[in-house]
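Asker: sequence first, then the predicted structure:
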2 protein chains.
Amino acid sequence: MRDTYHEELDSIGEGLVEMARLVGSAMGRATTALLDADLKLAETVIEGDQKVNDLQQELEARAIQLLARQQPVATDLRIVVTSLRMSADLERSGDLAKHVAKLARLRYPKSAVPGHLHSTIMEMGQLAQRLMAKTADVITTKNVDMALEMETDDDAMDALHRKLFQSLMDDRWKDGIETAVDVTLCGRYYERFADHAVSCAGRVVYLVTGEHADEINTGD
Amino acid sequence: MRDTYHEELDSIGEGLVEMARLVGSAMGRATTALLDADLKLAETVIEGDQKVNDLQQELEARAIQLLARQQPVATDLRIVVTSLRMSADLERSGDLAKHVAKLARLRYPKSAVPGHLHSTIMEMGQLAQRLMAKTADVITTKNVDMALEMETDDDAMDALHRKLFQSLMDDRWKDGIETAVDVTLCGRYYERFADHAVSCAGRVVYLVTGEHADEINTGD
């Protein structure tokens, strides 16, 4: 049997995994809503974000209670503080999924994304969802190798983001300014979402190894 | 004389004020670099961001040491945890100033912002700087009224952001897609910077009153 302290710590970890699952699913649904111009689906994402925010506040309160009651030191203390950071990353990821859904709602019944960019945005949405699913797995398993792989996955997101920008800058762009603005913002939402997923996983690496993920990858 | 605990806590507060001053100044310089297409100034902002990041890491380490050594409870504990959150807001604000400076560098020797939007961007830059200066004052003085005023200041930022979008959506927009993309991103950087400043000040309100800033303002 585990002691109360470790039970409480585990339950915070489970809360973080739940947040990651919720925001990953939200980004998947927001992307579908955006591409299909599905107003109802967009609204489920917009309304659902409150649950993510509530969960973050609850986790924060539990982390503070844990600090007060158990007064952990050294690694245990670092785990609790890091979990606060991770919950902030995940809460912000939920906001970004909501931003995508709001864009879908704003342009309804049109899709905010022109047809020739559907496949790129779909790839960005799917990659964002896979990254967040990996983050959930990394939190559960504390698998450092998996966390480090995510930096490479994130390179793929950067490449998709560049591809999107190249389409925007192409002389043949015929979709007007409004759509260019929508696509610019969208691209940024996916990129930032991926950054938060990678950042969360990187914090697990730091807890396990004491080194920052980028130090392990680049050797500097 | 103050005891060690309160001295350490004050010094974390001073570190937060220093971060707010640094990122406020960075955003001011980044805006000037953007409008004047001043490459050297842009580079000082880009390089200077490392100092903000270092300061955040140092504050985080000191906060964790304080938790471990002094094991604060109740309000004291909440102050330390909140300072971690504030340092994350300020670090992210520094990134946003850096993004503005990078845009200035990318388009050099041109200005990324067309002439007819210079005054709007200048206003956004100045307001961003004033908001962050107020955040520094709120951290120092714990003045709740000043913090609550910032919500109104932030409405002015939202109005400027809308004005920028209206220019983009105007049929008379003649500056092409690349500039539209640059202006879209820029607008978002200023808006997010302001959000982080307001969020930091709001955390001080919560520490002082136990209520979230938006609850005090709206009564709900």
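Answerer: Looks like it came in fine.

Asker: how far is stretch A:140-157 from where the chain is centred?
Answerer: 13 Å (Cα atoms, centre = their mean, to the nearest Å).

Asker: report the buried residues of it.
Answerer: Buried residues in stretch A:140-157, defined by neighbour count with 16 or more other Cβ atoms under 10 Å in any protein chain shown: A:143-144, A:146-148, A:150-151, A:153-154, A:157. Where C-beta positions appear, they are placed from N, C-alpha and C, glycine not excepted.

Asker: can you give the contact residues for stretch A:35-51?
Answerer: With Cβ atoms under 8 Å, 6 or more residues apart in numbering or on different chains as the contact definition, stretch A:35-51 has outside contacts at A:22, A:26, A:29-30, A:32-34, A:94-95, A:97-98, A:100-102, A:104-105, A:107-111, A:113, A:118, A:121-122, A:125.

Asker: try 7 Å this time
Answerer: The contact list for stretch A:35-51, computed with Cβ atoms under 7 Å, 6 or more residues apart in numbering or on different chains, reads A:22, A:26, A:29-30, A:32-33, A:94-95, A:97-98, A:101-102, A:104-105, A:108-111, A:113, A:118, A:121-122.

Asker: show me the shaky parts of chain A.
Answerer: Scanning chain A for pLDDT under 70 picks out A:1-2, A:217-220.

Asker: around chain B, which positions in it sit nearby?
Answerer: Residues of chain A lying close to chain B (Cβ under 7 Å from any Cβ of the partner chain) are A:64, A:67-68, A:71, A:73-74, A:77-78, A:81, A:84-85, A:88, A:168-169, A:173, A:177-178, A:180-181, A:184-185, A:188.

Asker: just the ones of those residues in helices?
Answerer: Residues from the residues of chain A next to chain B lying in helices, with DSSP state H as the criterion: A:64, A:67-68, A:74, A:77-78, A:81, A:84-85, A:88, A:168-169, A:177-178, A:180-181, A:184-185, A:188.

Asker: buried among these? Make that a PyMOL selection.
Answerer: Buried residues within these, by 16+ other Cβ under 10 Å, are selected in PyMOL with:
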select buried, chain A and resi 64+67+77+78+81+84+85+88+168+177+180+181+184+185+188
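
Asker: these two touch, right, A:Thr209 and A:Val144?
Answerer: Yes - judged on Cβ atoms under 7 Å, A:Thr209 makes contact with A:Val144 at a distance of 6.2 Å.

Asker: what about A:Asp137, neighbour count?
Answerer: When neighbours are defined as other Cβ atoms under 10 Å in any protein chain shown, A:Asp137 has 16 of them.

Asker: list the ones among the contacts of stretch A:35-51 that fall in strands.
Answerer: Among those, no member falls in strands (DSSP state E).

Asker: now the buried members of these.
Answerer: Applying 16+ other Cβ under 10 Å to the contacts of stretch A:35-51 flags A:22, A:26, A:29-30, A:32-33, A:94-95, A:97-98, A:101-102, A:104-105, A:108, A:111, A:113, A:121 as buried.

Asker: and A:Ala61, how many residues sit next to it?
Answerer: For A:Ala61, using other Cβ under 10 Å, the count is 10.

Asker: okay, and it sits in which element?
Answerer: A:Ala61 belongs to helix A:39-70 when assigned by DSSP states H and E.

Asker: show me what counts as buried in that helix.
Answerer: Buried-residue list, helix A:39-70, by 16+ other Cβ under 10 Å: A:41-43, A:45-46, A:48-49, A:52, A:55-56, A:59-60, A:62-64, A:66-67, A:70.

Asker: likewise stretch A:112-129?
Answerer: Buried, per 16+ other Cβ under 10 Å, within stretch A:112-129: A:112-114, A:117, A:120-121, A:123-125, A:127-129.

Asker: ok, A:Asp154 to B:Asp137 distance?
Answerer: Distance of A:Asp154 to B:Asp137, computed by Cβ to Cβ, to the nearest Å: 38 Å.

Asker: so A:His144 sits against A:Tyr206, correct?
Answerer: Let me fix one detail, which is that residue A:144 is Val and not His. No - with contacts counted by Cβ under 7 Å, A:Val144 stays clear of A:Tyr206, the gap being 9.9 Å.

Asker: what about A:Arg92, how many neighbours?
Answerer: Using other Cβ under 10 Å: A:Arg92 sits among 18 other residues.

Asker: phi first, then psi, for it.
Answerer: With angles defined as degrees, to the nearest 10, A:Arg92 sits at phi -70, psi -40.

Asker: ok, it - contacts?
Answerer: A:His196.

Asker: A:Met146 now?
Answerer: Contacts for A:Met146 were tallied using Cβ under 7 Å, 6+ apart; they are A:134, A:137-138.

Asker: closest to chain B among these?
Answerer: A:Val138 (20.2 Å; Cβ to the nearest Cβ).

Asker: host element of that closest one?
Answerer: Element membership for A:Val138, per DSSP H and E: helix A:118-141.

Asker: measure how far that helix is from the centre of its chain, please.
Answerer: Counting by Cα atoms, centre = their mean, helix A:118-141 comes out at 8 Å from the chain centroid.

Asker: same question for stretch A:170-179.
Answerer: On Cα atoms, centre = their mean, the centre of stretch A:170-179 falls 29 Å from that of its chain.
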